[in-house]
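> Show me the folded form of this:
(2 chains)
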Amino acid sequence: MNLSNSSISEINKLYKNKELKPSEVYEEVFNNAALSESIIHAHLKLFQEEGIAASKLSDARFAKGKQLSQLDGIPIAIKDNINLKNHETTCSSKMLSNYISPYDATVISKLRNSGVVFTGKTNLDEFAMGSSTENSAFGPTKNPWNPQHVPGGSSGGSAAVVSVGSALASLGSDTGGSIRQPASFCGVVGFKPTYGTVSRYGLVAFASSLDQIGPITNSVEDAKIIFNSIKGHDPLDSTSIADTSIEIPDDKTAKVGVIKELMEDGISDESKNEVEKTIKLLEDQGNKVVEVSLPLTKVALSIYYLIAPAECSANLSRFDGVRYGSREFGETSYQMMENTRAQGFGEEVKKRILLGTYALSAGYYDAYYGQALKARSLITKDFENIFKDVDYLISPTTPTPAFKFGEKTENPLEMYMSDLCTIPANLAGLPAISIPTGLSSENMPLSVQLMSPARTDSSLLKFSEKLENLISFDQRTSLLKEMK
Amino acid sequence: MNMIPTIGMETHVELNTNSKMFCNCPVVETEDPNISLCPTCLGLPGALPVPNLKAIESITMLALSANCSITNNGMFHRKNYFYPDLPKNYQISQFDLPVGVNGSLEIILDEGIETVEIERVHMEEDTGKSKHKGSGRIDSATSTLLDFNRSGVPLVEIVTKPVIKSSKEAVSYIEELRQLVIDLGISEGKLEKGNLRFDANISVAKEGDKELGVKVEIKNMNSLRSLEKAIDFEIKRQTKLIESNEEIIQETRHWDEDKEVTSSMRSKEGSADYRYFSDPDLPNMILTDEFINNIKKEIPTLPSDKRKKLIDTGLSMSESNHLGKSEVWIYDLYLDTQKLTNDCKTTYNLITGELQGQLRKAEIENLPEWVNSERLSEIITMINDNKISFTSGKEVLTNLIQNEINPTDFAESNNLIQENDFDEISKIVKDVFEANKEVVQRIKDGEEKLVGFLVGQVIKSSGGNINPSIAKDLLLKEL
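So this is what the prediction gives:
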């Protein structure tokens, strides 16, 4: 049996029936990591000893029949911008290369209390800014389907480890598509919940009004299990919301809208084809599928590249070398801060800080940031109106399958375009999921994205699970097959 | 030519909440650095702010008491600037939607009431503290020590409109504000502890000018005395510049306590552009009418109301102002006693002068419960009915503080009741006249001040139990 691709519920059953032990599963995923890391570089750190110890504690619990939850003994990897107590949180930045967090993020406490075994921290674009992990200060992660291709980003490491089986699931963060885009590039499921349903406490902020933690998994069911264990209002996060699962139809009575603007120019035929194939499956099942128009998706990218940099320019101000992180010498304290920031941040991060600082500056605020806020609220309204008519929206997750290294590094606009389909859900705070559907001509995975109204996460997951069952997609990467 | 100074005050009030503004760390008063810290107030990566409800109640109470309109749908903003003791390099503050706007505060100026208009009252968090070594300023320091205990302590900033006309008025405004926050119980209000910190914006214009002059901000005034001196200095400095047709630079100046001058301060970050934007970590600050009404119910009697009540009893403005600033029990005791005596002056003098003074002298912290308005009014009525002198009244009071006595019985048994019998006093007056013929003659020749001497002689011969005013009246009549 191939454990690393098995579902969490299956493995949990085996644990309970004492046919399998958490330490055995941990050993397998660790071996997968040991075999694959030199090729894909998805983990920044592996917690070997800690993982063995935690999995043995879990063994003991199952031996006594006292599991903490369905996630007890399940090995999960964590994106390295989420704080785990007494471990480095580097955000793939030189700035934090030596930073050790003294506290657990809320999601980590929740998973810890569920008995999860943490496998390690995964690579990302520096401070989650990027779409390929090429912006990691510690070197890029490679796509397990083909190491010449990027794994996507910014949660590229988190997507790759699930795809290669060096963790059963992972946590990522999604600001403009950073969970869904790499999940799509690596052929796994990526789910971004409604903004606020999962606490951001302990997630190193990139753009606070857009950031959301979510799972990257082998299946929708796994995503659901992890989501259910990390969601809920957190008194430490004022923007977190109480769990109010609004229900909408999740069977063949559900009406699905295809976003016209995300099926036009700029989207590859291969990506469109996956959506059309999926629509066919839904229609065969009895779902009504209609075309809808969201004209503002055309400017979503522009709105995003004002709001996200503006917020990041303030969020990243705290990295100054004064209290923690790396510090460069300076004659005065201001020079020390300047030198630290000049040396500690990579090019993409600096670019966005500059962009955001500019957008917030006196005399420019109204023209840029102020306008972007207004346009953002219009997009949110557009979505609300569309959801009066349809229950779900479908689109490609990405305009193309995973591109090759270096292909887009010289052209930032083209790189930014890879988040074209995912950004609108962040701007409107909506739940959105990426489900793998097939392979491209180059044998790279392709996915579709489903979105639904705010706070309908549970229904979206149920509907996605049913859709997933209609799709036959073999998640085993060539690398994983080789390793067996 | 007449120069008209215009002053606006920006005051920071440190609230006395148990915990900090956006985290659970206790607010501590200690010299031990960095003992009350957490990821949030240290600005660690991933930490988030959670507003302190008590602080929001306190600022709402202050804004209401300063007659502000309350913003129902307010917001926190980030104020961006780099400074080593500001952990996030932005301060969570408020910008265009502060808790309170357009208020006013009544202050006392030269026995009259002035109104100082308040522009805004907003909520923010305090910074840490820097200790520069080798120099007083960060740019020239050899090293700087940072203490983040104060980081995140709730601060309220109160900004006046540019309506204050003199240093004296500015001082009176701060005194009034200080009394207000103390009476509301929202701050200790101690200037020496930095609970109240103020900056002054000062401009000077020629009389008749339609526009205000160039604004100069003065920082580092740590006492009311330095506030007064700094404003006076700055008004003079600007006046001289205008008179000699020199330019006044819009800048921030530092008050030098030792040299008693202001000097130009380098600004924090070139010309400050704080790039305010709404803090995405915090939801809007919704203050419902119900919330506001509940706060209204908790507002105690305000200093201005106290003053009005006291003036209504007949006290002067300065007496009312003084008593209004006293502790609540003194104020209440005065009102209760005055109600019984129907007299303000003697009641005021006995309670604020004698009673408070004697308690302090005897080092008695809590007023004995038997020293109540009934017993005090008994003493005051005896004084006012001329049964005892004010001096004897003080004696009764001294004993009352020590023991539970009946004032009237005490006065009688201690021979303090004074002679009010005209015939009896007349007899003594005649005797004194006989014995001091020379003095009487000198008075008749115009040395009127010698009357006092004769009054003294009359009292002396009576053994002290004589009403001096009756004695004086009779003496003058006789003369």
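
> use CA for all of it now, contacts and neighbours both
Noted.

> Just give the closest residue to residue 68, not the sequence neighbours.
You didn't pick a chain, so chain A it is. Leaving out its chain neighbours, the residue that sits closest to A:Leu68 by Cα to Cα, 6 or more residues apart in numbering or on different chains is A:Ser114, at 5.3 Å.

> could you do chain B instead?
Spatial nearest neighbour of B:Cys68, excluding adjacent residues (Cα to Cα, 6+ apart): B:Gly103 at 3.8 Å.

> now do B:Val101
B:Val101 sits nearest to B:Arg120 (Cα to Cα, 6+ apart), 4.3 Å away.

> tell me the secondary structure for that neighbour?
strand (DSSP: H, G, I helix; E, B strand; the rest coil).

> just the strands in chain A please.
A:43-46, A:75-79, A:117-122, A:169-174, A:189-192, A:212-217, A:255-259, A:288-292, A:392-396, A:432-439, A:445-451 (DSSP state E).

> Show me which residues of the stretch 151-300 of chain A are close to chain B?
Contact residues, the stretch 151-300 of chain A versus chain B (Cα under 8 Å from any Cα of the partner chain): A:200-205, A:208-209, A:235-239.

> quick one on the thing from earlier: extract the CA atoms of the host helix or strand of the residue nearest to B:Cys68 and return them as PDB.
Per DSSP states H and E, B:Gly103 falls inside strand B:100-109. Extracted in PDB, the C-alpha atoms of strand B:100-109 (Å, rounded to 0.1, in the frame of the first residue of the first chain):
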ATOM      1  CA  GLY B 100     -14.400  62.000  19.700                       C
ATOM      2  CA  VAL B 101     -14.500  65.300  17.700                       C
ATOM      3  CA  ASN B 102     -15.600  68.900  18.200                       C
ATOM      4  CA  GLY B 103     -15.600  69.100  22.000                       C
ATOM      5  CA  SER B 104     -14.900  71.800  24.600                       C
ATOM      6  CA  LEU B 105     -13.600  72.100  28.000                       C
ATOM      7  CA  GLU B 106     -14.400  74.900  30.500                       C
ATOM      8  CA  ILE B 107     -11.400  76.300  32.200                       C
ATOM      9  CA  ILE B 108     -10.800  79.000  34.800                       C
ATOM     10  CA  LEU B 109      -8.900  82.100  33.900                       C
END
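
> buried residues in that strand?
B:Gly100, B:Val101, B:Asn102, B:Gly103, B:Ser104, B:Leu105, B:Glu106, B:Ile107, B:Ile108, B:Leu109 (16 or more other Cα atoms under 10 Å in any protein chain shown).

> Would you reformat those residues as a markdown table and include pLDDT?
Converted to a markdown table, those look like this (pLDDT from 0 to 100):
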| residue | pLDDT |
| --- | --- |
| B:Gly100 | 98 |
| B:Val101 | 98 |
| B:Asn102 | 98 |
| B:Gly103 | 98 |
| B:Ser104 | 97 |
| B:Leu105 | 97 |
| B:Glu106 | 94 |
| B:Ile107 | 93 |
| B:Ile108 | 89 |
| B:Leu109 | 90 |
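
> Just put the residues you listed in JSON lines and tack on distance to B:Trp329.
Listed next are the buried residues of strand B:100-109 as JSON lines, based on distance: Cα to Cα, whole Å:
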{"residue": "B:Gly100", "distance to B:Trp329": "31"}
{"residue": "B:Val101", "distance to B:Trp329": "33"}
{"residue": "B:Asn102", "distance to B:Trp329": "33"}
{"residue": "B:Gly103", "distance to B:Trp329": "29"}
{"residue": "B:Ser104", "distance to B:Trp329": "27"}
{"residue": "B:Leu105", "distance to B:Trp329": "24"}
{"residue": "B:Glu106", "distance to B:Trp329": "23"}
{"residue": "B:Ile107", "distance to B:Trp329": "22"}
{"residue": "B:Ile108", "distance to B:Trp329": "22"}
{"residue": "B:Leu109", "distance to B:Trp329": "26"}
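
> Any idea how far apart the tips of stretch A:426-440 sit?
27 Å (Cα to Cα, to the nearest Å).

> Buried residues in it, which are they?
Residues of stretch A:426-440 classed as buried by neighbour count (16+ other Cα under 10 Å): A:426-439.

> Let me know the closest of those to B:Thr252.
Nearest to B:Thr252 among these is A:Leu427, at 40.9 Å by Cα to Cα.

> quick one: contacts of stretch A:362-374?
With contacts defined as Cα atoms under 8 Å, 6 or more residues apart in numbering or on different chains, stretch A:362-374 is touched by A:Ile303, A:Tyr304, A:Leu306, A:Ile307, A:Ala310, A:Tyr358, A:Ala359, A:Leu360, B:Asp273, B:Arg275.

> what about the strands in the stretch 201-350 of chain B?
In the stretch 201-350 of chain B, the strands defined using DSSP state E, counting those that start in this stretch lie at B:216-221, B:251-256, B:261-264, B:277-278, B:285-286.

> Which among the ones you listed is found nearest to B:Gly357?
Among the strands of the stretch 201-350 of chain B, strand B:216-221 comes nearest to B:Gly357, with 31.6 Å by Cα to Cα.

> Paired strands for that closest one, with orientation please.
strand B:196-206 (antiparallel), strand B:251-256 (parallel) (DSSP bridges).

> For burial, what's the neighbour tally of residue 176?
Picking chain A for this. When neighbours are counted by other Cα atoms under 10 Å in any protein chain shown, A:Gly176 registers 33.

> oops, chain B please
Counted with other Cα under 10 Å, residues neighbouring B:Glu176 total 20.

> And it, which helix or strand is it part of?
Using DSSP H and E, B:Glu176 maps to helix B:167-184.

> quick one: B:Val214 and chain A, what's the gap?
As judged by Cα to the nearest Cα, to the nearest Å, B:Val214 and chain A stand 21 Å apart.

> list the contacts for that residue?
Neighbour list for B:Val214: B:Ser203, B:Val204, B:Ile248, B:Ile249, B:Gln250 [criterion: Cα under 8 Å, 6+ apart].

> again with A:Val349
A:Glu126, A:Phe127, A:Met129.

> What ranges in the chain fall below the confidence cut-off?
Defaulting to chain A. Scanning chain A for pLDDT under 70 picks out the ranges A:1-2, A:4, A:478, A:480-481, A:483-484.

> Not quite, go with chain B.
Scanning chain B for pLDDT under 70 picks out B:266-271, B:419-422, B:463-465.

> For B:Ile113, see how far away B:Leu302 is.
Shown here: B:Leu302 relative to B:Ile113, a distance of 15 Å by Cα to Cα.

> A:Tyr304 now?
Following Cα to Cα, the distance that separates A:Tyr304 from B:Ile113 is 55 Å.

> of these two, who's got more company?
A:Tyr304 (23 against 12).

> quick check, nearest of the contacts of stretch A:362-374 to B:Lys460?
Using Cα to Cα, the contacts of stretch A:362-374 come closest to B:Lys460 at B:Asp273, 78.0 Å.

> you'd agree that closest one is up against A:Ser361?
Yes: assessed by Cα atoms under 8 Å, B:Asp273 is found in contact with A:Ser361 at 6.8 Å.

> quick one, which of the two is more surrounded?
More crowded of B:Asp273 and A:Ser361, by other Cα under 10 Å: A:Ser361, with 17 against 13.
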